[in-house]
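> Generate a structure from the sequence data that follows.
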Amino acid sequence: MTDYFIFVPIGYLIGSIPFGYLVVRFVLRTDIRQVGSGKTGMTNVIRAAGPKVGIGVLTLDMGKAVLAIALPIWFTDTPGAHVGAGLAALVGHIWPIFIGFRGGSGVAPGWGGLFPLFWLSGVIGTVLGLPIVYLTRRVSVGSMVGATTGSLSIVVFALLGVVPLEYMWYGIIGAPLILFRHRGNIRRLLRGEERRIGQQGERTADKS
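Got it, this is the predicted structure:
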């Protein structure tokens, strides 16, 4: 249990580092939470500061989960602590303590966390998610596809004994949490109102 008490809080604090907020504040002197969807993740950063800045934020946000999971992997052989730290980083990204619990949708850390747990799950999510972004021109659609397929794969690999059974909880908890954070996107998709890449729009009242 000591492993959980150490690495889960560390994972949450690492996940709470608001790179999207910090980078946009540095580059534009703007609060990203006052732009577009109000979230701090890559999609909203692209809307505010362009694709280069957005991709940089994506990389940093993915790295948060990689680091949060790598630390317990290095220091303990408790699989539950690996998963707990990763999920804590995901929660920290979505509800960061440092900026009033208003963060991103969780895609970047959720995606990034797959790689240290089992690299093939990360590849599966990437290979299936990125083409959807290209074909639909909607980041939200590709994000949801990548998150669900990558997460489903790690559940399957855990059940098959390829990775520790505890790893399945990363998919079972992580994917629904990311989909929950995309509920506003899902509603807009159903209404045909979801913006495509490069399409500008006013800040929406539906910030969920």
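
> Distance of the closest residue to residue 196 other than its chain neighbours relative to residue 195?
Closest residue in space to residue 196, ignoring its immediate chain neighbours: residue 137 at 4.0 Å, by Cβ to Cβ, 6 or more residues apart in numbering. From N, CA and C alone the C-beta is placed, and that goes for glycine too. Relative to residue 195, residue 137 is positioned 9 Å away (Cβ to Cβ, to the nearest Å).

> cool, and residue 166?
Taken as Cβ to Cβ, the span from residue 166 to residue 195 is 38 Å.

> Check residue 168 too.
34 Å.

> sorry, back to before: looking at residue 137 and residue 195, which is more packed in?
Neighbours were counted for residue 137 and for residue 195 using other Cβ atoms under 10 Å; residue 195 has more, 19 against 14.

> Next, that one: secondary structure please.
Classification of residue 195 by DSSP: H, G, I helix; E, B strand; the rest coil places it in coil.

> can you give me phi and psi for it?
As for residue 195, its main-chain torsions (degrees, to the nearest 10) stand at phi -70, psi 150.

> Quickly note the distance from it to residue 68.
Taking Cβ to Cβ, one finds residue 195 at 31 Å from residue 68.

> Now residue 3: closest residue in space that isn't a chain neighbour?
Using Cβ to Cβ, 6+ apart, the nearest residue to residue 3 is residue 81, at 3.9 Å.

> ok, the one you found - contacts?
3, 4, 7, 8, 72 (Cβ atoms under 8 Å, 6 or more residues apart in numbering).

> wait, which of these is closest to residue 35?
residue 8 (31.7 Å; Cβ to Cβ).

> Would you check that that closest one makes contact with residue 84?
Yes. Here residue 8 reaches residue 84: they are 4.5 Å apart, a contact under Cβ atoms under 8 Å.

> tell me which element the residue nearest to residue 3 is part of?
helix 79-94 (DSSP states H and E).

> how about the helices in this structure?
2-15, 19-28, 42-49, 51-75, 79-94, 107-117, 119-136, 139-159, 168-181, 183-191 (DSSP state H).

> Relative to residue 35, which of those helices is closest?
helix 42-49 (4.4 Å).

> Of residue 8 and residue 84, which one has the most company?
residue 84 (25 against 22).

> got any ranges where the protein has weak pLDDT?
Counting by pLDDT under 70, the chain contains low-confidence residues at 198-208.

> make it 50
201-208 (pLDDT under 50).

> Can I get the contacts of residue 81 in JSON lines including distance to residue 174?
Shown next, in JSON lines, are the contacts of residue 81 (distance: Cβ to Cβ, whole Å):
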{"residue": "3", "distance to residue 174": "19"}
{"residue": "4", "distance to residue 174": "17"}
{"residue": "7", "distance to residue 174": "17"}
{"residue": "8", "distance to residue 174": "14"}
{"residue": "72", "distance to residue 174": "16"}
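
> Closest one to residue 147 out of those residues, please.
Of the contacts of residue 81, the one sitting nearest to residue 147 (Cβ to Cβ) turns out to be residue 8, at 21.2 Å.

> sorry, back to before: adding distance to residue 34, write the helices of the chain out as CSV.
As requested, the helices of the chain are arranged in CSV below (distance: least, Cβ to Cβ, whole Å):
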stretch, distance to residue 34
helix 2-15, 22
helix 19-28, 10
helix 42-49, 9
helix 51-75, 16
helix 79-94, 19
helix 107-117, 21
helix 119-136, 25
helix 139-159, 20
helix 168-181, 19
helix 183-191, 17
